[in-house]
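Participant: model the structure of this input:
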Amino acid sequence: MATPDQKSPNVLLQSLCCRILGRSEADVAQQFQYAVRVIGSNFAPTVERDEFLVAEKIKKELTRQRREADAALFSELHRKLHSQGVLKNKWSVLYLLLSLSEDPRRQPGKVSNYATLFAQALPRDAHSTPYYYARPQTLPLNYQERSAPSAQSSGSLGSSGISSIGVHTNGPTPPPPSLLPGQSHLGPGTGDCLRQQLGARLAWTLPASQPSLQTTTSKGVPSAASRSMTRPRRDGDAGGAVEVTEAALVRDILYVFQGIDGRNIKMSSADNCYKVEGKANLNKSLRDTAMRLAELGWLHNKIRKYTDQRSLDRSFGLVGQSFCAALHQELKEYYRLLSVLHSQLQLEDDQGVNLGFESSLTLRRLLVWTYDPKIRLKTLAALVDHCQGRKGGELASAVHAYTKTGDPSMRSLVQHILSLVSHPVLSFLYRWIYDGELEDTHHEFFVASDPTVKTDRLWHDKYTLRTSMIPSFMTMDQSRKVLLIGKSINFLHQVCHDQTPPTKMIAVPRSAEPLQDAADLFTDLENAFQGKIDAAYFETSKYLLDVLNRKYSLLDHMQAVRRYLLLGQGDFIRHLMDLLKPELARPATTLYQHNLTGILETAVRATNAQFDSPEILKRLDVRLLEVSPGDTGWDVFSLDYHVDGPIATVFTRECMSHYLRVFNFLWRAKRMEYILTDIRKGHMCNAKLLRSLPEFSGVLHHCHILASEMVHFIHQMQYYITFEVLECSWDELWNQVQQAQDLDHIIAAHEAFLGTVISRCLLDSDSRALLNQLRAVFDQIIELQSTQDAICRAALEELQRRLQFEDKKKQREAEGQWGVTAAEEEQENQRIREFRESIPKMCSQLRILTHFYQGVVQQFLVLLTTSSDESLRFLSFRLDFNEHYRAREPRLRVSLGARGRRSSHT
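Facilitator: Below you'll find the model as predicted:
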């Protein structure tokens, strides 16, 4: 039974080395150490890890060797191995077997020549950015087939990028020739051996199907051309026109790649590009190739200059520093390629290899191997140009714009950079939506805070959106939700004094993987990332609305404003007018607010308003407007509703000023209705009292007709204001409030409600002419009241005198005297004649009042017909339902269709 030491990896690896090399443990010490380094490194072949592809290649190889039975047996064994699941890395095992069987350097029938396996540094494409593998057909697993050992070369040209050079600076390097058996000195097979050593690091990454640039004889000796070619010098001649060799250009190019001037290629500050010195004697082909390669150094300098400048700029912010870090990471991959090329050049110098060998560095090989790195550096340079002068979310948007490309490798590169750049943005975002904290020192986040704003304006003014900083990969709706989430948390803490932790408001767990969230952001905007924002938005907004409705009775206050400021509580308003009538009839300068407040409390206790919540009733108060000369109490009286705390966020000062304007308009309209009611009651009483004055009946009839016109007008206006404006708008507001998802929806619905009421009640700037005409109508109603009171007062006085005269006459007759004397009778007749003569004046006064009133109404109707509001146009038909005014005003003799067309043109 084997001891545990015999099963240790080191013992097994040493046994494998002894078996492969056919030597003792002492002789394979160096190879064993190198094998340990290989196994301990992170190398992996640059092929797609497809287990079934490798199995198919093995079966094809067996079939090619006419071993069909072995191919069938292998297929059955592979099926059983795949079904059992004993091994985890089946692909690695199959790949190792295939590599051992197809290695062209293996001598037939000898296992000892597998020593060259240790000279191969298996590359691995492990990079910070995603790498798109080529299709398996373009990366064959075997070397090019040979008809005889060393009959043709194994090196070939291929294209690669930064990730295509498989040797890592932290991985093992191929062992020197002294570590390989039988290669202690250079012999006739030197070309083959050097090709095996020098091409080892690139052999796995270059396609073997391309033709070799250099051919050798069947015995491994270079061809005649190769043998006769002398090794070119690395440096130019000392005097005269310098003839620069390709080897010297290769060395210069490697320095230029790093932004360092070479001997023959230097940076031209005037032209801002690298140029070959004029004294260098070069053919056009080498010069053009060198200039094409030198572009890589120019791109490197451009990127490096940007990162060096911005890395020291603290005001660049976290997003900018992340962008610089991403650029540094990409440059690090570029430097890895340069280190491989430098090591290859150094190895050539140490081994004395000339350009005739396939593994040597040439300008053409550099042009191929740097093709992909050049594309990547061009992309980075374009990003640097596009991101100049940008920071924060604007910088992230600039990077995101470059993801909209059809090139998969370019899109992958930019998406990786974007994931790093967006990481600070996501950190800001999660801190804001989960904690309500905004730590944006350099103003990079798209949510801005104004510390000078006071608490009462927190919701409206303190937090706003920086539109320029909204990343383009986020929609405006997402940005608005993010703003509302953090704003709701701060509103709850600072205004509502609710110290509930955000973790209890939001049931969604806080994300701990911002990089994974960045991937979700770019790959699944509609589900993963959008879902997190929506969940936090709905939970936070729901909690805020619950607090406002439950703790601060927001809906109850809205109902109270509707009842008291918009005159919805009819019994209270009517009783308040009855109680205030004596006070408000006095001049405004003689009013005292405490007297009016007492009357208000009396009206509350006497009506259904007494059943409202004390919290609501204590906010109801009296307010006196600014007094103008000649104003009465009716002109300056107003009700007020005090709001504070979170409720003031919905009922702002601007909203309460609008409510004050609407109340004054409704109060004036209600007063007109109240006046006309008194006029009608006066008609009813006076008609009975003044029956004994038949000459006065015409005056009463004229007053009754004019009052009826006014009653019709006021009733139609009241119907329009109450039902078509207030009730419809309130019903729409209430439905929107019930369906509101956040406080902004409630505020917007409330402002829209007030806007509709203001415009339809003719209180906006566009309806100023209509409002002036309506106020003129109201003034005529007040004038009618004054005129009728004066006429009826004169008629009642005349009636009183006549009754007194008759009573005096009857009293004297009862005493046995003459009822009246001739002088008294003449005096009485004179007074009656004077009264009768005054009646035409009364009628004339009423006719003038009627004419003026009808003229104002006709002008009001004309303005209504040309209004852009359809409801106002239909109001004109109700006011003139019998075409009474149409017959007197030619401008009203227009059909409905013509009115609509005319209003549309105006």
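Participant: which elements pack onto whichever strand or helix holds Lys532?
Facilitator: Here Lys532, judged by DSSP states H and E, is contained in helix 530-550. Contact here means 3 or more CB pairs under 8 Å, 6 or more residues apart in numbering; DSSP states H and E; on that basis helix 530-550 packs against helix 408-435, helix 476-494, helix 502-505, helix 743-760. Where you see a C-beta, it was placed from the backbone N, CA and C, and this is true even at glycine.
Participant: quick check: which of these is nearest to Glu295?
Facilitator: Comparing these against Glu295 with CB to CB, the closest turns out to be helix 408-435 (17.4 Å).
Participant: average pLDDT for the closest one?
Facilitator: Across helix 408-435, pLDDT averages out at 90.
Participant: relative to helix 743-760, how tilted is the helix holding Lys532?
Facilitator: Orientation check (axes from the mean of the first three to the mean of the last three CA atoms, to 10 degrees): helix 530-550 against helix 743-760 gives 60 degrees.
Participant: contact partners for Pro424?
Facilitator: 317-319, 322, 444 (CB atoms under 8 Å, 6 or more residues apart in numbering).
Participant: if we use 10 Å, what do you get?
Facilitator: 317-323, 392-393, 396, 440, 442, 444-445, 514 (CB atoms under 10 Å, 6 or more residues apart in numbering).
Participant: low-confidence ranges in this protein?
Facilitator: Applying pLDDT under 70 to the chain flags the ranges 1-7, 40-48, 85, 102-242, 351-359, 507-528, 894-906.
Participant: which residues in it form strands?
Facilitator: 242-243, 265-268, 273-276, 280-281, 447-449, 463-465, 620-624, 637-641 (DSSP state E).
Participant: could those strands be laid out in JSON lines, adding mean neighbour count and distance to Lys808?
Facilitator: Shown next, in JSON lines, are the strands of the chain (neighbours: other CB atoms under 10 Å; distance: least, CB to CB, whole Å):
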{"stretch": "strand 242-243", "mean neighbour count": "16", "distance to Lys808": "149"}
{"stretch": "strand 265-268", "mean neighbour count": "17", "distance to Lys808": "131"}
{"stretch": "strand 273-276", "mean neighbour count": "18", "distance to Lys808": "128"}
{"stretch": "strand 280-281", "mean neighbour count": "16", "distance to Lys808": "144"}
{"stretch": "strand 447-449", "mean neighbour count": "18", "distance to Lys808": "90"}
{"stretch": "strand 463-465", "mean neighbour count": "17", "distance to Lys808": "86"}
{"stretch": "strand 620-624", "mean neighbour count": "17", "distance to Lys808": "51"}
{"stretch": "strand 637-641", "mean neighbour count": "19", "distance to Lys808": "47"}
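Participant: redo the ones you listed as CSV? Include distance to Gln785.
Facilitator: CSV is the format used below for these (distance: least, CB to CB, whole Å):
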stretch, distance to Gln785
strand 242-243, 116
strand 265-268, 97
strand 273-276, 95
strand 280-281, 111
strand 447-449, 58
strand 463-465, 53
strand 620-624, 24
strand 637-641, 18
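Participant: and of the ones you listed, who's closest to Arg760?
Facilitator: strand 637-641 (20.6 Å).
Participant: show me how far the closest one is from its chain's centre.
Facilitator: Relative to the chain's own centre, strand 637-641 is displaced by 43 Å; criterion: CA atoms, centre = their mean, to the nearest Å.
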